[in-house]
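In: sequence and predicted structure are below.
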Amino acid sequence: MADVIAVLEGLYPPATAQSWDRVGLVTGDPGQPVGRIHLAVDPTTAVIDEARRLGADMLLTHHPLLFRGVHSVATTTAKGAGVTALIVADIALYVAHTNADVAADGVNAALAAACGLGSTQPLLLEEGQWMGRVGELAESMTLGEFARRLAGALPQAPVGVRVSGPADAAVRRIAVAGGSGDGFFDAVRASGADVYVTADLRHHPALEAREDARDGGPYLIDAGHWASEATWLRPAADALISRLGDAVEVFVSEICTDPWSFVLAP
């Protein structure tokens with residue numbers, strides 16, 4: 001496992017994670033052998049069961065299992081059951097979170113690619129790390145057309161894509177931030193973006209951002225937290241395969257861990 005960890009830390013250096021984050025090895029022994037790696041956004045019990053069924057030795061997730069302090073890992077809680085299942089099945093858990101967000105081929109790069117962007121620039125600097133991306137489409141299109149193309153390029157989730165702005169508005173310059181990004185509105189406005197693609201847009205910040213826009217851009221697209229970050233899983237798997245070769249098999253989870261099940265249209 002130490003060799004796999006070295007590759008992961010080369011791709012997603014722990015030092016580039018935000019100060020509040022929890023990344024790296026969570027369960028497992030660096031000395032244990034790894035023949036199969038399973039990738040997912042969230043270390044849910046269903047994902048852990050999937051990894052066990054497929055014979056994984058390591059589970060690589062984007063989101064931490066133990067993010068805030070816990071005082072028990074009894075199986076009476078979901079986190080305790082997850083830790084127990086990983087240990088009993090001898091599956092190591094490794095987390096690459098904000099360090100994967102900022103990586104050259106990380107989450108934001110994958111989301112920018114799903115948007116159809118070519119070359120991009122960082123959106124803003126936080127704790128010495130460049131966060132988000134901004135770039136331009138090959139040609140201008142309407143907001144409605146862009147949203148439909150993006151929805152088709154993203155992993156499918158029950159909630160789909162939410163859009164704020166007129167469907168016929170012309171757009172070209174796109175800013176992205178995978179996961180929760182409603183704290184970046186100032187940087188998005190400064191970037192001159194026509195559209196901001198992110199997730200977890202809360203009512204008041206989103207409403208204020210649209211009010212400040214005076215009916216113009218930046219328009220907003222909430223692509224869903226899971227979907228916006230699941231774009232990274234396949235590129236991450238390919239990066240591991242290219243560096244580890246035939247020594248390790250790599251699988252991408254087929255489970256959608258978006259917490260929402262369905263939407264009722266008005």
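Out: Structure's in. What do you need?
In: alpha carbons only for contacts and neighbour counts from here, please
Out: Fine.
In: which residues does Ala46 contact?
Out: Ile255 (CA atoms under 8 Å, 6 or more residues apart in numbering).
In: tell me the spacing between it and Pro64.
Out: Taking CA to CA, to the nearest Å as the measure, Ala46 falls 15 Å from Pro64.
In: likewise Asn99?
Out: In terms of CA to CA, Asn99 sits 12 Å off from Pro64.
In: okay, the two: which has more neighbours?
Out: Counting neighbours by other CA atoms under 10 Å for Asn99 and for Pro64 shows that Asn99 has the greater number, 25 against 21.
In: wait, the more buried one touches Ala17, no?
Out: Yes: contact criterion CA atoms under 8 Å: Asn99 and Ala17 qualify, at 4.2 Å.
In: coming back round to it: so what sits against both of Asn99 and Pro64?
Out: Joint contacts of Asn99 and Pro64 (CA under 8 Å, 6+ apart) are Val23.
In: could you list everything Ser180 pairs with in the sheet?
Out: As for beta bridges, Ser180 partners with Ala199 under DSSP bridges.
In: tell me the contacts of it?
Out: When contacts are counted by CA under 8 Å, 6+ apart, Ser180 touches Thr198, Ala199, Asp200, Leu201, His225.
In: tell me how many other residues surround the nearest residue to Thr98 once chain neighbours are set aside.
Out: Once flanking residues are discounted, Thr98 sits nearest to Ala17: 4.9 Å by CA to CA, 6 or more residues apart in numbering. When neighbours are defined as other CA under 10 Å, Ala17 has 22 of them.
In: and Ala17, its phi and psi?
Out: The phi/psi pair for Ala17 (degrees, to the nearest 10) reads phi -70, psi 150.
In: what pLDDT does the residue minimising distance to the centre of the chain get?
Out: By CA atoms, centre = their mean, the chain has its centre lying nearest to Glu229, at 2.2 Å. With respect to pLDDT, Glu229 has a value of 98.
In: elements contacting the helix or strand hosting it?
Out: Glu229 is part of helix 225-230 when elements are defined by DSSP states H and E. Judged by 3 or more CA pairs under 8 Å, 6 or more residues apart in numbering; DSSP states H and E, helix 225-230 is in contact with helix 107-114, strand 170-180, strand 195-199.
In: one more time with 10 Å
Out: Other helices and strands packing on helix 225-230, by 3 or more CA pairs under 10 Å, 6 or more residues apart in numbering; DSSP states H and E, are strand 36-40, helix 107-114, strand 170-180, strand 195-199.
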